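**Student:** Provided below are the primary sequence and the corresponding predicted coordinates.
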Amino acid sequence: MKMAEKEQISNAQEYKVRRIKEDEKIPFTAHLAELRYRIIASVIVVMLMFCACYYFIDIFIHILERPVKSAVPDLKLTFLAPAEGFFVSMKVAFFSGVVVSWPVIIYQAWMFISPGLKKNERKYVFPFVIFGTLLFFIGISFCYFIILPLGLKFLIGFGQTYWLANIAVDYYLSFCMKLSLAFGFVFELPLVLALLGKMEIITSKQLREGRRYAVVVAFIIAAILTPPDVVSQCLMAIPLVILYELSIYVVRAIERKNAETETAAEETT
């Protein structure tokens, strides 16, 4: 093995046990080691929150059952296998653990990308975590209070025209949890685009020029993440397009602020 490769591996092993410092040049393998460290830290927090949420599992199951009970009051959820109730409880606890751990996950994501930012940009860690958490919970709340009641009422009502509804609790809760997480992730779009704009990877002009493609991509994403019905797809695609338009104004404001900062720096010098 060449000396350069040995040195690169040695550096990567060194970065596994210490945090990357600002303005420090590191090899690619060290970036992978840092990514693994951040993922492991996030997984540990999720597992701890999973155990804590399992203690309150009755509350979380009751919360997830509320949309279907409000949409179809006389519907009864059933389970089809002896162990289904136990495994469904584990799924609900894990989902709750991910939701509760989201601020930590966002923080770990920031700590991974922060070495690639400029020195004055690294100070935005708290706004990044706060807005990332806020947007995530807004997305989940939008799904819980609007999408799930409307979607369930439409889907179950359509099926009851021909058949008797007898829904397994595993299918129902998995449907609610997957859809809620999908909306939570989708609502992070303005934050992601704002970060890319701050790093000068994208511009507001590029976002305006890509409007037509963004609309198509929004409906494709909605078709993948939502059930195969037009109502749910539109209820996800329309907010996604609105978030994209909002991101254009956010990136434009960031560009103006960057321009003002550069002008002030030039006047000072």
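**Tutor:** Arrived safely.

**Student:** Does Arg252 touch Ser204 like I think?
**Tutor:** Yes. Counting by C-beta atoms under 8 Å, Arg252 does reach Ser204; the two are 4.1 Å apart. (Glycine included, C-beta is placed from N, CA and C.)

**Student:** all helices of the chain, in order?
**Tutor:** 3-15, 28-55, 57-71, 84-100, 102-113, 125-142, 148-160, 169-186, 189-198, 204-209, 211-225, 230-268 (DSSP state H).

**Student:** Now tabulate the ones you listed in a markdown table and tack on distance to Thr78, mean pLDDT and mean neighbour count.
**Tutor:** Below are the helices of the chain laid out as a markdown table (distance: least, C-beta to C-beta, whole Å; pLDDT from 0 to 100; neighbours: other C-beta atoms under 10 Å):
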| stretch | distance to Thr78 | mean pLDDT | mean neighbour count |
| --- | --- | --- | --- |
| helix 3-15 | 52 | 47 | 13 |
| helix 28-55 | 23 | 90 | 16 |
| helix 57-71 | 12 | 91 | 16 |
| helix 84-100 | 9 | 95 | 17 |
| helix 102-113 | 32 | 91 | 18 |
| helix 125-142 | 26 | 92 | 17 |
| helix 148-160 | 14 | 84 | 17 |
| helix 169-186 | 7 | 93 | 19 |
| helix 189-198 | 37 | 89 | 20 |
| helix 204-209 | 47 | 91 | 15 |
| helix 211-225 | 26 | 90 | 15 |
| helix 230-268 | 23 | 84 | 15 |
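
**Student:** Turn those helices into JSON lines, columns for distance to Lys119.
**Tutor:** Formatted as JSON lines, these follow (distance: least, C-beta to C-beta, whole Å):
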{"stretch": "helix 3-15", "distance to Lys119": "20"}
{"stretch": "helix 28-55", "distance to Lys119": "18"}
{"stretch": "helix 57-71", "distance to Lys119": "42"}
{"stretch": "helix 84-100", "distance to Lys119": "32"}
{"stretch": "helix 102-113", "distance to Lys119": "14"}
{"stretch": "helix 125-142", "distance to Lys119": "13"}
{"stretch": "helix 148-160", "distance to Lys119": "44"}
{"stretch": "helix 169-186", "distance to Lys119": "30"}
{"stretch": "helix 189-198", "distance to Lys119": "13"}
{"stretch": "helix 204-209", "distance to Lys119": "24"}
{"stretch": "helix 211-225", "distance to Lys119": "32"}
{"stretch": "helix 230-268", "distance to Lys119": "13"}
